[in-house]
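*Asks:* My questions concern the predicted model and sequence given below.
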Amino acid sequence: MASRFQAASLVASPSYPNAVVWSDENLIAVATGHLVTVLNPALPSGPRGLVTIPANKPFPIGVIERKDLFSGCLLSTSLSRDIRPCVRSISWSPIGLAPNAGCLLAICTTEGRVKLYRAPFCEFQVEWVEVVDITDMLYDYLENISFGESATTAFSDALEPHSDKLEGNSPHHTVYRRTSKSRSVKKFGEDCTSITRSLKKIGEECTPLPLVTVNQYASRKAMLSSLVVAWSPVLWLPPETDSAPPDNSSDCLSLLAVGGKSGQISFWRVHEPLSYTIEHSTVPISVTLAGLHQVHNAWVTAISWASLTFDASSPQVLLATGCTDGSVKIWLEYSEKLLKSSEVNDAPFSLLKEVITADSVPVSTLTLTVPVRAPQKTFLAVGKGCGSFEVWICDLSIRKFDRIGSYNAHGHIVTGLAWAFDGCCLYSCSQDNSVRSWILCGKSLHEVPIPPNTLGVKSHGVKNPADDLPYGLGSCYGVALSPGNLVVAVENDGLMKDETLAFGVASSDFLSACAFDAGLLNPMYQARTQKAAIEFFWIGGQQLESSTNTNLEIGTENFPGPPKELIYWESNMLWYLSQYEHLDKPLVVWDIVAALLAFKQSAPKYVELTLVKWLSVSNEESHLGHSAGKVLSHASKTFSNTSTRKLHLFNIICRRVVLSELKADKINIKQPNVEEIGGAEEEKLKLWRDLLLCSERELRERLVGFAFSTVLGLMSYLADKVSKAQGWDPVGLAQMENWVELENDHVQDQLKLLASEVGDLDRRKLCSICEYIAEEQCIYCSSSVPFDSPEIAFCQGAAQSHRLARCAVTMKVCPSTPSWFCPSCQRYSSKLAPPQFFLIPRYPVDFKSLTESRNTSNNLSKPFCPFCGILLQRFQPVFLLSASPA
């Protein structure tokens, strides 16, 4: 990984704030005009995904008199001349909602439409796939309730056609009416066939539209005109709920909040599927309307969610909303109404506080976060159209709301705000083409230097305040943070009049985003395709306090950067590595791996000792201050007392950073070419390689022990004639028995005992409860396949011996159908590991205790790699987009 990123050019320019969002599976979506570009930050100029926004036909909400077309409430509709809709708002869902366990992308357009898209994981195409039209579902609901209007509302019956009655949604077309006598369709201005095509949801023949008042039409259109979308954190249906999840859906869900011009927010329940697939493209997405809530009296322009965890017995979520009238409100989830009821609720949230009352300055963006270090508090930042932003701290345990201050940080509208480093740091960007960094110390906010973008380059001193003025012609339209908070992405259409191109600016108190110099672009080709850019900046060396007393005692003598920045880097990386040990946080460590690889090029000693320090802190028996060799030698002895998540994190860091020069498949079959490196590094790499193999053997031993224990439990159910509970069913028992025999000198006695108990079972009864195939056949030539390794196999074909991959979970030969793929260890899995496996805190004293409870939280019932813990995916060709979680 290079010490600096490459800017990624975009073919269209952004138009609205918050135009860049970063997903939990490490993909970036960028809104640019009529397109949404999806890219992998590990390969900014590599393969991309694309969502092209189509034009949609208007909803048949009624017709109005011609004389009412230019009424005040319809001026925006009558004067609109948008030829093509643009993207107004985008938002990523949590992982697990897509059929392949990835993230869904919600897109809101200037037409007011909201649709959900998924990755084309089995279509082999660039264009993302539309799965649900939220606005269509909202229209169906509103039509069923007559848009909330009273029954006495004056709707006309079928009328004789009049040329002065027009459909307000399309002032340039004449609308056809059906006569009540002849029931024949009259033609005014156009052929009926073309009109039928232009009217959505009317049917195959022309049907009458109701004549409505201008206020009715404006109200209906506002209800269907969405402005902003935002996904909630993962929620769970309570066990005692009266509303069961939809078919083929789990009780794990996320809420999609959609704010519109009417001041209402609609809440949509999107459930995780019960099972995931990488083969079928027609898996339905379960989406239901949970509630409608009137939150403001004007347009809702900003929404942000946060999860409350300080009361573990009653987890809740917060919702912050901003409006064009300048008001900002904080709402508390009403779990009983929002999650338990199957009916659409009008008040699923209760108002906690209107922190900002209505004024003349609209809210452009806001962000809400709950710090891990203080879970009873909530930090709120609100960006305004005038270029200022406000910061609030809310102590929910005592319902206290403190306004930290208002800051005139920018000269134009604030287009992006993002909390980083557990709420210690705030990043803001604006249309004045600047990005600023702030730290929160107690109850005060201070501006601090932005770290240099190239690792190891010193920051500049504080500039003259006059330099704060933007030195460019472009604008920033959004800022997003990587999962580990070490990288910030900024979208801009800046055209800098400077000889320094991308990443040439590293300032102190502000960052002027520079994508390219328009004067250097070829006007025939480059200028037409490079309208904007998405840029990435390292922020892992961000100063989080005004001063520090930490001493750096590890190898920095050959590193060009200042020691203080290395202190910040070490502190931030170690803190986030510790946070990934929490099971509710997706294991996406790409930015940490990329930073360590960048440091490895210029300061390998710094990287080694940082990792040794992390291992020392992670072990229950701390060896902080001991030599690297002693810590590494002791690490293998602690693996049995280490949680599965920690082992996953160690395996990723070991493979992707320390052993990055070695091929993953060579490491898997224990044939890495360490000798090719030579010198003193050879012994170090051998030590790390042996640690990696020891860690993976520990994980496989836990997985095999869990499978054996599950089989014995199922046999006891069969003996007692008790129906078994729903749960994970083991596959590949014969191969697991062979593996225990191969590793007999290394596995623990408990696993040997379980293997002997499984071996003594009656094979006929065993085959009745699970799959048991001792003799495997080649998927290509049907010849026999002996078991010599848990990773690969070679068939005994007479003409040719085929090399076959084995499943990482079952150790069986993978079938010819597509299998799950891990981009870190590059293993394949035809069957997924049990959810309980990822919850194991240490090597179990008794595996049977793990399998007694067959039902487990759906939070972890996702396709995770058993050796790396990251989300599995379908292997994609190099010319198609795929995620890089590590």
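*Replies:* Good, I have the coordinates.
*Asks:* isn't there a strand covering Y117?
*Replies:* Yes - the assignment for Y117 by DSSP: H, G, I helix; E, B strand; the rest coil puts it in a strand.
*Asks:* quick one: it and V328, what's the gap?
*Replies:* 30 Å (CB to CB, to the nearest Å). C-beta here means a position set from N, CA and C on the backbone, and glycine is covered the same way.
*Asks:* and V234, what is it in contact with?
*Replies:* V234 makes contacts with 94, 96, 252-254, 584, 859, as judged by CB atoms under 8 Å, 6 or more residues apart in numbering.
*Asks:* how much space between it and W820?
*Replies:* 21 Å.
*Asks:* Low-confidence ranges, the stretch 451-600 of the chain, go.
*Replies:* Within the stretch 451-600 of the chain, the stretches with pLDDT under 70 are 453-473, 494-528, 545-562.
*Asks:* could you pull out the helices for it?
*Replies:* 526-529, 563-579, 590-602 (DSSP state H, counting those that start in this stretch).
*Asks:* Please name the strands paired to the longest strand along the chain in the sheet, noting orientation.
*Replies:* For the chain, the longest strand by residue count, based on DSSP state E, is strand 249-260. Using DSSP bridges, strand 249-260 pairs in its sheet with strand 226-231 (antiparallel), strand 235-236 (antiparallel), strand 264-273 (antiparallel).
*Asks:* tell me the pLDDT at T309?
*Replies:* pLDDT recorded at T309 is 72.
*Asks:* follow-up on the earlier one: mind putting the contacts of V234 into TSV with neighbour count?
*Replies:* What follows is these, written out as TSV (neighbours: other CB atoms under 10 Å):
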residue	neighbour count
P94	21
G96	29
C252	23
L253	28
S254	22
D584	11
N859	17
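*Asks:* Of these, which pair is most distant in space?
*Replies:* L253 and D584 (15.0 Å; CB to CB).
*Asks:* Give me the below-cutoff pLDDT ranges for the stretch 701-850 of the chain.
*Replies:* For the stretch 701-850 of the chain, the ranges with pLDDT under 70 are 719-727.
*Asks:* For it, which segments are assigned as strands?
*Replies:* Using DSSP state E, counting those that start in this stretch, the strands of the stretch 701-850 of the chain run over 776-777, 784-785, 792-794, 803-805, 820-821, 828-829.
*Asks:* How far does the last one sit from its chain's centre?
*Replies:* Right, strand 828-829. Distance of strand 828-829 from the chain centroid (CA atoms, centre = their mean, to the nearest Å) equals 23 Å.
*Asks:* got the CA positions of the strand or helix carrying L318 in PDB?
*Replies:* Secondary structure assigned from DSSP states H and E places L318 in strand 316-323. Output in PDB follows, covering the C-alpha atoms of strand 316-323 (Å, rounded to 0.1, in the frame of the first residue of the first chain):
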ATOM      1  CA  GLN A 316     -33.000   2.000  22.100                       C
ATOM      2  CA  VAL A 317     -32.200   4.300  19.200                       C
ATOM      3  CA  LEU A 318     -32.100   8.000  18.900                       C
ATOM      4  CA  LEU A 319     -33.200  10.000  15.800                       C
ATOM      5  CA  ALA A 320     -32.100  13.600  15.000                       C
ATOM      6  CA  THR A 321     -34.000  15.500  12.400                       C
ATOM      7  CA  GLY A 322     -33.300  18.900  10.700                       C
ATOM      8  CA  CYS A 323     -35.600  21.100   8.700                       C
END
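*Asks:* Show me what the very next helix or strand once past it is packed against.
*Replies:* Remark: after strand 316-323, the chain's next helix or strand is strand 328-333, criterion DSSP H and E. Other helices and strands packing on strand 328-333, by 3 or more CB pairs under 8 Å, 6 or more residues apart in numbering; DSSP states H and E, are strand 316-323, strand 349-356, strand 363-369, strand 377-384.
*Asks:* Determine which of these approaches D690 most closely.
*Replies:* Proximity to D690, assessed across those by CB to CB, is greatest for strand 363-369 (41.1 Å).
*Asks:* just the helices of the stretch 451-600 of the chain: most buried one?
*Replies:* Most buried of the helices of the stretch 451-600 of the chain by mean neighbour count (mean count of other CB atoms under 10 Å) is helix 590-602; its value is a mean of 22.
*Asks:* where's the longest strand of the chain relative to the chain centroid, distance-wise?
*Replies:* On CA atoms, centre = their mean, the centre of strand 249-260 falls 14 Å from that of its chain.
*Asks:* and that strand with strand 316-323, angle?
*Replies:* Strand 249-260 and strand 316-323 are oriented at 20 degrees to each other (axes from the mean of the first three to the mean of the last three CA atoms, to 10 degrees).
*Asks:* Restricting to C-alpha, output strand 249-260 in CSV.
*Replies:* Once non-C-alpha atoms are left out, strand 249-260 reads as follows in CSV (Å, rounded to 0.1, in the frame of the first residue of the first chain):
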residue,chain,number,x,y,z
SER,A,249,-37.0,-13.2,7.2
SER,A,250,-35.3,-13.1,10.6
ASP,A,251,-36.2,-11.0,13.7
CYS,A,252,-33.1,-8.9,13.0
LEU,A,253,-33.9,-5.7,11.1
SER,A,254,-33.0,-2.1,10.3
LEU,A,255,-35.3,0.9,9.9
LEU,A,256,-35.1,3.2,6.9
ALA,A,257,-36.2,6.7,7.6
VAL,A,258,-37.4,8.7,4.7
GLY,A,259,-38.0,12.5,5.2
GLY,A,260,-40.0,14.5,2.7
